[in-house]
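Q: With the sequence up front, the predicted model follows.
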Amino acid sequence: MDIEHIDDPETGELPVPPEPATDGPDVKNDAVPEPETDPDAETPAGTEP
Amino acid sequence: MTIERFVPQLVRSGAPLCTLCGGETMNGLNCTCAAEAMWLYRASQGRFVTDACHVRDLTDDCVDGTNLRQMQAVSAEYRLTGTLYQPTDVATIFALVRTNRYGAHLNISYAPVVGTSHDAFFGRFAGNHDIYLSARGASIGTIRTGDPGATGFRDWPETLLAQAAGLLDLGAGETLNSEYGRGKCYAYLTPIDPDTTWWPDYAGIPPSSATFAVQFKPGTYPRFDQYGRKVGTFSTAGGFTAYGNTRKRLANGHLLGRLITDRPGYFVDTATAARYWSK
């Protein structure tokens, strides 16, 4: 039977975070748009597309 | 239970208009700040409730977006310490978040998200973005994710998250994949949740080795051996709650767990329990 171990079967221990790594360059997020409406939304009844 | 609060960045999603820096509207630039507000809520166990605009204000940065190192400084203003990874293995971050004891910022490129059901910008954005990972998703291979451009948490496939993380644009024509190899990510992990967040409050303090708890209502349930083979059944007339300390994934995706308080030594299918708590 295919079994994937989630915890250590002997100790029941959980995964532990590794040491920090900060050598990489800092990266800023880009600006996202704020659309007024969802272009894929259905046209409200009684209005022209 | 995971402590989480979704924080949007866009006005159309419910965020307040963010006017800073001499009158500039910053909402579109504030995904990392919105994710930080979610991060702060988790790391403080619900004590710190803030929004993207306030986080942005704390950075004193009026130029373009923000980065994870700036969020580390914001966390420090709240006397909270996380762990910054630039980079680490994305599989490591997923494994930690799947324990439901950590949240994390995840820097991504939105390019692979465009055209999927997870695209919050309807095809109008494909740049660098920041999202918040809250917990394991409802189905295997997914992570409960807060995209600040959306309106709430959704389960994202780990495969999509990993692909988007690897394509993060580092500038100068480099991505994480090209610079460090595939399977890497930029992430900022919360401190581990205290045990109290997952105790079933009526079941008492768990043994130190406990990693999960289950509640069985009155009934008859299958019992297994340590390899996941069914060996019989057990019955409970009044129902019970028990802690356990070893879990293994069965072929059907369910988690096999060994009980250590009530019915010690029993291996049960945790999916047959009425309730399930996990560290």
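A: Here it is on my side, so go on.
Q: contacting residues around the residue of chain A at minimum distance from chain B?
A: For chain A and chain B, the shortest gap (CB to the nearest CB) falls at A:Asp30, measuring 3.2 Å. The C-beta positions use only the backbone N, C-alpha and C, and glycine is treated the same way. Applying CB atoms under 8 Å, 6 or more residues apart in numbering or on different chains to A:Asp30 gives the contacts B:64-65, B:125, B:127-129.
Q: what's the neighbour count on the residue of chain B found nearest chain A?
A: Using CB to the nearest CB, B:Gly127 is the residue of chain B that sits closest to chain A, at 3.2 Å. A count of nearby residues for B:Gly127, using other CB atoms under 10 Å in any protein chain shown, gives 16.
Q: what's the nearest residue to it once chain neighbours are set aside sitting at in phi/psi?
A: Counting by CB to CB, 6 or more residues apart in numbering or on different chains, A:Asp30 is the residue found nearest to B:Gly127 once chain neighbours are left out, at 3.2 Å. Dihedral angles of A:Asp30 (phi, psi; degrees, to the nearest 10) stand at phi -90, psi 170.
Q: Need the pLDDT of A:Asp30.
A: pLDDT recorded at A:Asp30 is 97.
Q: roughly how far apart are it and B:Arg124?
A: Distance of A:Asp30 to B:Arg124, given as CB to CB, to the nearest Å: 12 Å.
Q: Quickly list what the residue lying closest to B:Gln226 once chain neighbours are set aside is bridged to.
A: Once flanking residues are discounted, B:Gln226 sits nearest to B:Phe267: 6.0 Å by CB to CB, 6+ apart. Taking DSSP bridges as the rule, B:Phe267 bridges to B:Phe224, B:Arg258.
Q: Grab the longest helix from chain B for me.
A: In chain B, taking DSSP state H as the definition, the longest helix is helix B:31-43.
Q: okay, that helix in CSV with CA atoms only?
A: Only the C-alpha atoms of helix B:31-43 are listed here, as CSV (Å, rounded to 0.1, in the frame of the first residue of the first chain):
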residue,chain,number,x,y,z
CYS,B,31,-0.3,43.5,-2.5
THR,B,32,2.7,42.8,-0.3
CYS,B,33,1.4,45.2,2.4
ALA,B,34,-2.1,43.5,2.3
ALA,B,35,-0.4,40.1,2.6
GLU,B,36,1.6,41.5,5.5
ALA,B,37,-1.7,42.5,7.2
MET,B,38,-2.8,38.9,6.9
TRP,B,39,0.6,37.7,8.1
LEU,B,40,0.5,40.0,11.2
TYR,B,41,-3.0,38.8,12.1
ARG,B,42,-1.8,35.2,12.0
ALA,B,43,1.6,35.8,13.7
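Q: Let me see the mean pLDDT of that helix.
A: Averaged over helix B:31-43, pLDDT sits at 98.
Q: That helix - contacts with which helices or strands?
A: helix B:52-59, helix B:68-77, strand B:104-109, strand B:128-136 (3 or more CB pairs under 8 Å, 6 or more residues apart in numbering or on different chains; DSSP states H and E).
Q: Including mean pLDDT and distance to B:Thr142, could those go into JSON lines?
A: Converted to JSON lines, the helices and strands packed on helix B:31-43 look like this (pLDDT from 0 to 100; distance: least, CB to CB, whole Å):
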{"stretch": "helix B:52-59", "mean pLDDT": "97", "distance to B:Thr142": "25"}
{"stretch": "helix B:68-77", "mean pLDDT": "98", "distance to B:Thr142": "23"}
{"stretch": "strand B:104-109", "mean pLDDT": "98", "distance to B:Thr142": "14"}
{"stretch": "strand B:128-136", "mean pLDDT": "96", "distance to B:Thr142": "7"}
